[in-house]
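Student: fold the following for me, if possible:
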Amino acid sequence: MLHIAIAVGLILGIGTGLLAAAGSDVALALAMASAPLGTAFISAIRMVIIPLVMAVIFTGVANLGDPRKLGRLGGTTLLFFWATVLPAILIGMGVMRAALAFAPEISVPDAAAREAPALPGIVDFLVGLIPSNPFAAAADGSLLQLIVFTALFAAAAGTLEEASRRRLVDFAEALGDALIKLVWWILWTAPLGIFGLAAPVTAQLGWGLIQSLAVFVVAVIFGLGAYIGLVYLPFLKVVGGIGPTRFLGGTFGAASIAFSTTSTAAALPVTLEEAKRELGVSETVADLVLPLGASMYRAGSALFQGAAIVFLAHLYDVAIPPAAVGGAVLATFMVSLTVAPVPSSGVMTLAPALDTVGVPLAGLSILLGVDRIPDMFRSTTNLLGQITTAVVVDRWVGGTEGQPPEGGHGT
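Tutor: Sure, this is the predicted structure:
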């Protein structure tokens, strides 16, 4: 299992680094000699991340078709998706900022002098999101500009006649499939790459890195729980008339699958059944909202990414001015709606936000090694959010479009 191999690579790297920090010359030599492995791994991630992000965003947006044809049901669904992703990012950032009070004061020496890129005022910042030359933006690695261009281009493609739109989408999907295959190849080298990144860093930071990672994992889990309690449960109660006990009990089967497989797509058949039978969601709404949510709605991943930005900025001693926070939130918002279907995709697609605030991409490898635990919890949160959307949209719109619902609304 890949996640086990990655965890082993992290454990061996941390163990070697701790021995080096304790004074072992052999361990220190091994840790320093492994550094090129980490450099090669990060270069491989950099190589694939720009085209992968562009491909998945284009596919996700263009597949929606002409926004004017989505209708009230589709429009309400997307509105709920977008409206609830933003607070997820902000809660993740806020919880992690508070949790850092319990983390040791450490910083990676090689990046201690880094700072977030100097950003202009809000008007200039918004204007700067539009690239004058998308190809130059790609060459410069300006991921935020590329995300904006890709989203606009995909929205335009969605308005074309079906044959033309399908050709573009098919090309983007084929490109994305090839890039995902390449990502899998890169991830199979991750145990060695993570060892080469973790060992030198741990040799310099010692136990402080382990303590910081523990704080990060606990803070993410706490933030996900707080988000469910503050956002989803009130919507369910006020709009859907469903209390926490009924909701959690009625989604237990699907949540168990998402938790164990870290995939909401794997849980989709059970999710559809439970949403209709246990929560009374109409068939019309469930059959549209739940598959759409499984493909593009991942508020739990957005919260995780918001927390990760703050954590890695702390680890690398990177100051984040308020203007940079806006760019990071925008990048996370766009990417979280089109996360690629690869292992630890919430980590892999952090690059645009990290690039915006000036955090080195080497921080991704540190998170990859411990990502299995947060991934289980955020996947479950993603699934609960998808079901919450179905309940809320069913109460707001119901079966007013398309065929009438067969199952009724229920309470």
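Student: helix or strand for the closest residue to residue 240 other than its chain neighbours, which one?
Tutor: Leaving out its chain neighbours, the residue that sits closest to residue 240 by CB to CB, 6 or more residues apart in numbering is residue 391, at 4.2 Å. For glycine as for every other residue, the C-beta is placed from the backbone atoms N, C-alpha and C. Assigned by DSSP states H and E, residue 391 belongs to helix 372-396.
Student: buried ones in that helix, by neighbour count?
Tutor: Under the neighbour-count criterion of 16 or more other CB atoms under 10 Å, helix 372-396 has 372, 374-396 buried.
Student: now do it: distance to the chain's middle.
Tutor: In terms of CA atoms, centre = their mean, to the nearest Å, the centre of helix 372-396 is found 14 Å from the chain centre.
Student: looking at it now, give me its mean pLDDT.
Tutor: Taken as a whole, helix 372-396 has a mean pLDDT of 91.
Student: next: stretch 240-249.
Tutor: If you average the pLDDT over stretch 240-249, you get 92.
Student: cool, stretch 134-148 as well?
Tutor: 72.
Student: start to end distance for it?
Tutor: 10 Å (CA to CA, to the nearest Å).
Student: again, but for stretch 244-261
Tutor: Stretch 244-261 has an end-to-end distance of 24 Å (criterion: CA to CA).
Student: change the start of the numbering to 16 and stick with it
Tutor: Renumbered: residue one is now 16, and that last one reads stretch 259-276.
Student: okay, buried residues for that stretch please.
Tutor: Under the neighbour-count criterion of 16+ other CB under 10 Å, stretch 259-276 has 262, 265-266, 269-270, 272-274 buried.
Student: check these and tell me the two furthest apart.
Tutor: Largest separation among these by CB to CB: 262 and 272, giving 16.7 Å.
Student: please name the nearest non-neighbouring residue to residue 120.
Tutor: Excluding its sequence neighbours, the residue lying closest to residue 120 (CB to CB, 6+ apart) is residue 223, at 7.8 Å.
Student: what helix or strand is that neighbour located in?
Tutor: Element membership of residue 223 [criterion: DSSP H and E] is helix 222-242.
Student: before we move on, what about residue 186?
Tutor: If you go by DSSP H and E, residue 186 is part of helix 177-203.
Student: could you point out which element follows that helix?
Tutor: As assigned by DSSP H and E, the chain's next helix or strand after helix 177-203 is helix 205-220.
Student: ok so, going back, the residue nearest to residue 255 is in contact with residue 291, isn't it?
Tutor: No - under the criterion of CB atoms under 8 Å, residue 406 is not in contact with residue 291, lying 11.0 Å apart.
Student: which of the buried residues of stretch 259-276 fall in helices?
Tutor: Secondary structure from DSSP state H places 262, 265, 269-270, 272-274 of those in helices.
Student: name the residues that touch stretch 306-319?
Tutor: 75, 89, 92, 96, 99-100, 103-104, 106-107, 235, 238-239, 242, 246, 279-280, 283, 286, 347-348, 351-354, 360-361, 389, 392-397, 400-401, 404-405 (CB atoms under 8 Å, 6 or more residues apart in numbering).
Student: in ChimeraX, how would I select the buried members of those?
Tutor: Buried residues within the contacts of stretch 306-319, by 16+ other CB under 10 Å, are selected in ChimeraX with:
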select :75,89,92,96,99,100,103,104,106,107,235,238,239,242,246,279,283,286,347,348,351,352,353,354,360,361,389,392,393,394,395,396,397,400,401,404,405
